[in-house]
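**Student:** need a structure here:
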Amino acid sequence: MGNLLSLNMSSFLESLHLADMAALTLRPLGEQLADAFPSPKAYALDVLRDDARLAVEALRDWGRQAHAGMLTTPETQILRRALKGGEEAEFDDHTRWTMLRLLRGCDSKESRDERQLLAFCLASLKHADWSGSDPVARANSRIGNALCVIEPYERMYQSVLYVFDQIRVGATNSGQVSLQTVMEEPSLVDACAPMRRASEAFLAQLEAASGNNAVLGPARQALQKLGLVELAQTLGATEKPIDLAQEILRRHLRVQDGKFEGGLPKGPWVRLEPGQACAARLTSQRFGLDASQVADNWKAMARHPYRTFGARRFIRLCRIQ
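**Tutor:** Numbers count the residues shown, from 1 in each chain. Just a heads-up that it's a prediction; the model follows:
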């Protein structure tokens, strides 16, 4: 976890042009931000001397100003410049700033959840220019296309996860379950058609953005590399519910084979019975699920978080308008 946080912070400092992490040096904007940080000297704290006596009340006063939940006016001004890219602004900087301002504008619409907030963002972009070659239009195009891809992708994910978890529920008592029996459940039947439609819509949105490689950037290559495009193609072309269940379990096996623990590939939680493709078996009882742990229908399944809560807090701290 520490390595992950360090990597994320390094990426943050690099992307905002605050530091050169390869040389471990601050860049001009980074030096300005460091200078703007509330100095302990202003509170009569000599923190550089090992033998210095530090007054507890002075430390408290300094701590009330110098923490991650508060930024001074100079700090917010410098961070806003950094978020825009400063004098080195590139396409990614324009995209980031455009998205932050879009979130700021939609945050006041009392969205109940992240899905609704992203829908507000997309609706706002419908009135913006996507077709121009200037940085703002190109940023609008990337964000708009990404939001169009996210919605069907999440519906596909929800329905797939619902089927997978219901198979685990069915196999919990005896360790094995008939896929035919599971997939005849009304809630599973209801999940199959939306799964196919979401898969087709996901592919259609990717295709619509394929004319310009810069539209989705590295995200498009990542979707391909992770096998999600192939999965969507398979699900969209599969008619029978039991066949969908089999494809979902095969996908789970491929994903687990790509994960390693102790130098060995991780095993699947549930797999098709050898020689009995219509039956599934838990590989360990600990992978079972009680029915109370799963939503009643596929629409109630959790989606991926897109970190808009943290972004909105950062927007408020930096006073982005």
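
**Student:** only C-alpha atoms for contact and neighbour calcs from this point on.
**Tutor:** Fine.

**Student:** count the neighbours of the nearest residue to residue 74 once chain neighbours are set aside for me.
**Tutor:** Counting by Cα to Cα, 6 or more residues apart in numbering, residue 74 lies nearest to residue 36, which is 5.9 Å off, once chain neighbours are set aside. Neighbour count for residue 36, taken as other Cα atoms under 10 Å: 17.

**Student:** what residues are up against residue 36?
**Tutor:** Contacts for residue 36 were tallied using Cα atoms under 8 Å, 6 or more residues apart in numbering; they are 72, 74, 75.

**Student:** how about the helices in the stretch 151-300 of the chain?
**Tutor:** In chain order, the stretch 151-300 of the chain shows helices spanning 179-183, 186-208, 213-216, 218-225, 228-236, 241-257, with DSSP state H, counting those that start in this stretch as the criterion.

**Student:** now those as CSV including mean neighbour count?
**Tutor:** Formatted as CSV, the entries for the helices of the stretch 151-300 of the chain read as follows, by neighbours: other Cα atoms under 10 Å:
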stretch, mean neighbour count
helix 179-183, 19
helix 186-208, 19
helix 213-216, 17
helix 218-225, 12
helix 228-236, 19
helix 241-257, 19
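
**Student:** mind putting those into a markdown table with distance to residue 86?
**Tutor:** As requested, the helices of the stretch 151-300 of the chain are arranged in a markdown table below (distance: least, Cα to Cα, whole Å):
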| stretch | distance to residue 86 |
| --- | --- |
| helix 179-183 | 55 |
| helix 186-208 | 32 |
| helix 213-216 | 21 |
| helix 218-225 | 23 |
| helix 228-236 | 36 |
| helix 241-257 | 41 |
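
**Student:** wasn't residue 143 part of a helix?
**Tutor:** Yes - with DSSP: H, G, I helix; E, B strand; the rest coil as the criterion, residue 143 is located in a helix.

**Student:** for it, what are its contacts?
**Tutor:** Contacts of residue 143 were listed using Cα under 8 Å, 6+ apart, and they are 95, 99, 216.

**Student:** burial check on the second one, number of neighbours?
**Tutor:** For residue 99, the count of nearby residues is 19 (other Cα under 10 Å).

**Student:** out of the contacts of residue 36, which are buried?
**Tutor:** By the neighbour-count criterion of 16 or more other Cα atoms under 10 Å, the contacts of residue 36 include these buried positions: residue 75.

**Student:** tell me the one of the contacts of residue 36 nearest residue 51?
**Tutor:** Sorting these by distance to residue 51 puts residue 72 at the head of the list, at 29.7 Å, by Cα to Cα.

**Student:** can you map out the strands along the stretch 1-150 of the chain?
**Tutor:** All strands of the stretch 1-150 of the chain, identified by DSSP state E, counting those that start in this stretch, fall at 19-20, 25-26.

**Student:** okay, the ones you listed in CSV with distance to residue 251, mean neighbour count and mean pLDDT next?
**Tutor:** Output for the strands of the stretch 1-150 of the chain, formatted as CSV (distance: least, Cα to Cα, whole Å; neighbours: other Cα atoms under 10 Å; pLDDT from 0 to 100):
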stretch, distance to residue 251, mean neighbour count, mean pLDDT
strand 19-20, 40, 18, 90
strand 25-26, 44, 15, 91
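
**Student:** ok, residue 287 touching residue 168?
**Tutor:** Yes - A contact is recorded between residue 287 and residue 168 when judged using Cα atoms under 8 Å, the distance being 7.2 Å.

**Student:** between those two, which has more neighbouring residues?
**Tutor:** Per other Cα under 10 Å, whichever of residue 287 and residue 168 has more neighbours is residue 168, with 27 against 16.

**Student:** skipping its backbone neighbours, what lies nearest that one in space?
**Tutor:** In this structure, residue 168 finds its nearest non-sequential neighbour in residue 288, 5.4 Å apart by Cα to Cα, 6+ apart.

**Student:** now residue 180
**Tutor:** Computed as Cα to Cα, 6+ apart, the closest residue to residue 180 that is not its neighbour in sequence is residue 242, at 5.9 Å.

**Student:** was I right about that neighbour contacting residue 183?
**Tutor:** Yes - counting by Cα under 8 Å, residue 242 does reach residue 183; the two are 6.1 Å apart.

**Student:** report the outermost residue of the chain with respect to its centre.
**Tutor:** With Cα atoms, centre = their mean as the measure, the chain has its most outlying C-alpha, relative to the mean C-alpha position, at residue 51: 46.6 Å.

**Student:** domain-wise, how is this structure divided?
**Tutor:** Taking automatic domain parsing as the domain assignment, the ranges for the chain are 1-89, 135-300.

**Student:** for the last one, measure first residue to last.
**Tutor:** According to Cα to Cα, to the nearest Å, domain 135-300 extends 38 Å from its N-terminal end residue to its C-terminal end residue.

**Student:** and it, how far out from the chain middle?
**Tutor:** Its chain's average C-alpha position is 16 Å from that of domain 135-300, according to Cα atoms, centre = their mean, to the nearest Å.
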